[in-house]
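> Here is a sequence together with a model predicted from it:
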Amino acid sequence: MNAPHGSRTATQAPGRLASATLYTLLVIVLSASGFSSVSEAEEPDWLRREQNRIAVLDRIAPTVVCVMPPNGQGGGSGVLISGDGFAITNFHVTSGAGNFLKCGLNDGKVYDAVIVGIDPTGDVAMIQLQGRTDFPFADVGDSDEVRVGDEVMALGNPFLLADDFSPTVTYGIVSGVHRYQYPANSFLEYTDCIQIDASINPGNSGGPLFDINGRWIGINGRASFEQRGRVNVGAAYAISVRQVKLFQGHLKSGRIVDHGITEFSVETDANGRVQIADVIESSEAWRRGLRAGDELVSFAQRSLTSANDFKNILGIFPSGTRIPLTVRGPDGQRTTSIRLKPLHEFQQVPPSPEPPQEPIPVQPVDPEDKPQDETPAELASLFESRDGFTNFAFNRRNQQRLLSRLIDKLDKIDGVDATWKMLVMEEGGTDSMTMVVGREGAGLTQNGIPFHQTDDDPDAAAEPPDFPGLLTAALQWHRLFRGKSAGWAEIVYEGTERQFETGTPVDVLITRVGPVECRWLFAEDNPLPSGVDVQASAGQDEARLLFDGWSSDGAIPHPARLGVVIPASGEVRWLKVQSLEIRP
């Protein structure tokens, strides 16, 4: 039985006493040998490093979670990432464990937890511990800065050895970076991961990897084991914290989060270049001019050295992410962007990709905290089943958070359902243009030429060529402001990400009606959207509209500027909104 949390200093005393005794003997020996300059005030580097390491472990151990099924048999590890109890672990740890779990911390207590979201392909899951709002959580490091030879510490619960849930610590170095582990007879794929020689054993899965300063840099997932006995042989792999962070905001949506594909393939040619091998002709990549034989210079702002390197980088991004890329073709080098399509489109939670570990009985310190099979009644409302979702209750909660703010802003305003007449002018221009937007359609007159777009059947050819997608996006803006009468067929909260054009953190709300899908972007400090991306039909470029400088002066809230993103170049053309009035 390990000592309780409050007695940890006492349990460490023998080790520290041994170090101090050795140091004292060293001082005596050196002094007797004539090295009088050595004093107890001048600690040797090895002792100072040891004391620093112990202090770091004291600080980070409370963030490590023992993740168990409700009956407390078997399980794995995890790490707390926020004070409200959100924690990250492996998908193969939570798979098959049910919707509610038991989690032990090194304070010796067991907490109820609920599943939130999963990334089956990347072997990541998010859970939320209940019962506190002040959980200790890990400081995030930068996995892109990790180098071979860096010292690391892996914390977790191999074999669930500690019955007070104090994590086991193993220590080692980074053996490799940007490693790729192919799926092993399953969909599970480890990309761009960190290879370490710190011992990882059954039960460590899902636990955190820290750098020597206690910054969280990865999630320990796979290890190479001897064929029999499950003995670690010194090669283990951690999912990078960068990948976890890219998926983290999506996991909070309660969805089964998918990875992305590009709809083009690459290969390494005889000269070592990464070149485009094939492109689907209906894809955005094809519309951006990518062709077989073009060189792919960079992807997601990282230079490429091989086709495997491309696959490694692609694997850390969720579906729906817009990715910048640079290609070099016969006409020279150019930079553009594409949005990643879904890889698997899971509608049901897939089965566990690994066989379950042998059950290990757990005996909590306090008998009253012993895990039970039954889910407490007060937790039942935290879970809601729906196809395509891990836990729809979290999606519903976030939808309501965004939509209630918007409704509160618009509820008492007359005219949101009327026809709007806007006077707009291109920045740097001199001529005003009239834009009219209503339920049935939208129109713009430019240089005496009228353009008109319908709501029921958007046509890219009906858009003004200088501002492609403007009218299609404006129609969806009008629909959003209609609120309850908008007639959406489906609403889904996608999660949080950074807005592609500005880098601003945003919440993403997906709305669908007919063939039209909108991605509404909401900044944290504004109930009105900062942008919308509209996919009117397959094989057609998105209409991408930015809203800047919202004002409530006038008949309805309107932005000071509208930004139209040009698909081919990514350039933003800004229109100043000079006035907006309601048309009878």
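All right, it came through fine.

> For the stretch 101-250 of the chain, just list every one of the strands.
Taking DSSP state E, counting those that start in this stretch, the strands of the stretch 101-250 of the chain run over residues 110-119, 124-129, 139-140, 151-156, 168-181, 190-196, 208-211, 215-225, 232-240.

> Can you point out the buried residues in stretch 320-331?
For stretch 320-331, a neighbour-count test (16 or more other C-beta atoms under 10 Å) marks 320-323, 325-327 as buried. Glycine gets a C-beta too; all of them are placed from N, C-alpha and C.

> Let me see the backbone angles for the nearest residue to residue 136 once chain neighbours are set aside.
Sequence neighbours aside, residue 62 is the residue nearest to residue 136 in space, at 4.1 Å (criterion: C-beta to C-beta, 6 or more residues apart in numbering). Per-residue torsions, residue 62: phi -60, psi -10 (degrees, to the nearest 10).

> So residue 62 is in contact with residue 104, correct?
No - counting by C-beta atoms under 8 Å, residue 62 does not reach residue 104; the two are 11.7 Å apart.

> Those two: who's more crowded?
Between residue 62 and residue 104, residue 104 has the larger neighbour count (other C-beta atoms under 10 Å), namely 29 against 18.

> Identify the residue spatially nearest to the more buried one, adjacent ones excluded.
Once flanking residues are discounted, residue 104 sits nearest to residue 165: 3.4 Å by C-beta to C-beta, 6+ apart.

> Residue 68 versus that neighbour, what's the distance?
Here residue 165 is placed at a distance of 10 Å from residue 68 (C-beta to C-beta, to the nearest Å).

> Overlap in contacts, these two.
residue 104 (C-beta atoms under 8 Å, 6 or more residues apart in numbering).

> picking up where we left off before, ok, the residue nearest to residue 136 to residue 127 distance?
From residue 62 to residue 127 the distance is 17 Å (C-beta to C-beta).

> Strands of the stretch 351-500 of the chain, start to end?
419-426, 432-437, 441-446, 449-454, 490-498.

> Quantify the burial of residue 271 by counting its neighbouring residues.
Other residues lying near residue 271 total 7 when counted by other C-beta under 10 Å.

> Quick check: it is in a helix.
No - secondary structure of residue 271 (DSSP: H, G, I helix; E, B strand; the rest coil): coil, not part of a helix.

> what pLDDT does it get?
pLDDT for residue 271: 89.

> and if you look at residue 28?
For residue 28, the predicted pLDDT is 48.

> ok, and residue 309, which helix or strand is that part of?
Assigning secondary structure by DSSP states H and E places residue 309 in helix 307-314.

> Now find how far off-centre that helix is within its chain.
Distance of helix 307-314 from the chain centroid (C-alpha atoms, centre = their mean, to the nearest Å) equals 19 Å.

> ditto for stretch 426-435
The answer for stretch 426-435 is 40 Å, by C-alpha atoms, centre = their mean.

> I would like the residues contacting that stretch, please.
Here stretch 426-435 has contacts from 421-425, 442-447, 466, 470-471, 474, 561, 573-576, 578, using C-beta under 8 Å, 6+ apart.

> Go again with 6 Å.
Residues outside stretch 426-435 that contact it (C-beta atoms under 6 Å, 6 or more residues apart in numbering): 422-425, 444-446, 574-576.

> So which bits of that stretch are buried?
With burial defined by 16+ other C-beta under 10 Å, the residues of stretch 426-435 counted as buried are 426, 433, 435.

> In contact with residue 469, which residues?
Here residue 469 is in contact with 463, 543 (criterion: C-beta under 6 Å, 6+ apart).

> That one and residue 571, how far apart?
In terms of C-beta to C-beta, residue 469 sits 13 Å off from residue 571.

> cool, residue 408 as well?
35 Å.

> before we move on, what about residue 126?
37 Å.

> pretty sure the residue nearest to residue 104 is touching residue 66, no?
Yes - using C-beta atoms under 6 Å, residue 165 is in contact with residue 66, at 4.7 Å.

> For those two, indicate the residue with more neighbours.
Under the criterion of other C-beta under 10 Å, the comparison of residue 165 against residue 66 puts residue 66 first, with 29 against 25.

> Run through the residues that contact that one.
Counting by C-beta under 6 Å, 6+ apart, residue 66 has contacts 104, 157, 165.

> Can you give me every residue that contacts the last one?
Contacts for residue 165 were tallied using C-beta under 6 Å, 6+ apart; they are 66, 104-106.

> From residue 62, how far off is it?
10 Å.

> Residues in contact with both of the two, list them for me.
residue 106.

> Mind putting the buried residues of stretch 320-331 into JSON lines with secondary structure, distance to residue 189 and pLDDT?
Formatted as JSON lines, the buried residues of stretch 320-331 follow (DSSP: H, G, I helix; E, B strand; the rest coil; distance: C-beta to C-beta, whole Å; pLDDT from 0 to 100):
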{"residue": "320", "secondary structure": "coil", "distance to residue 189": "18", "pLDDT": "96"}
{"residue": "321", "secondary structure": "coil", "distance to residue 189": "16", "pLDDT": "97"}
{"residue": "322", "secondary structure": "strand", "distance to residue 189": "22", "pLDDT": "97"}
{"residue": "323", "secondary structure": "strand", "distance to residue 189": "18", "pLDDT": "97"}
{"residue": "325", "secondary structure": "strand", "distance to residue 189": "21", "pLDDT": "96"}
{"residue": "326", "secondary structure": "strand", "distance to residue 189": "25", "pLDDT": "96"}
{"residue": "327", "secondary structure": "strand", "distance to residue 189": "25", "pLDDT": "97"}
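
> Tell me where the model's unsure across the stretch 351-500 of the chain.
With pLDDT under 70 as the threshold, the stretch 351-500 of the chain has low-confidence stretches at 352-375.

> and the residue lying closest to residue 443 once chain neighbours are set aside, how many residues sit next to it?
What sits nearest to residue 443 in space, not counting adjacent residues and going by C-beta to C-beta, 6+ apart, is residue 452, at 4.5 Å. Number of residues near residue 452 (other C-beta under 10 Å) recorded here: 14.

> Hmm, residue 444 and residue 452 touching each other?
No - assessed by C-beta under 6 Å, residue 452 is found out of contact with residue 444, at 8.2 Å.
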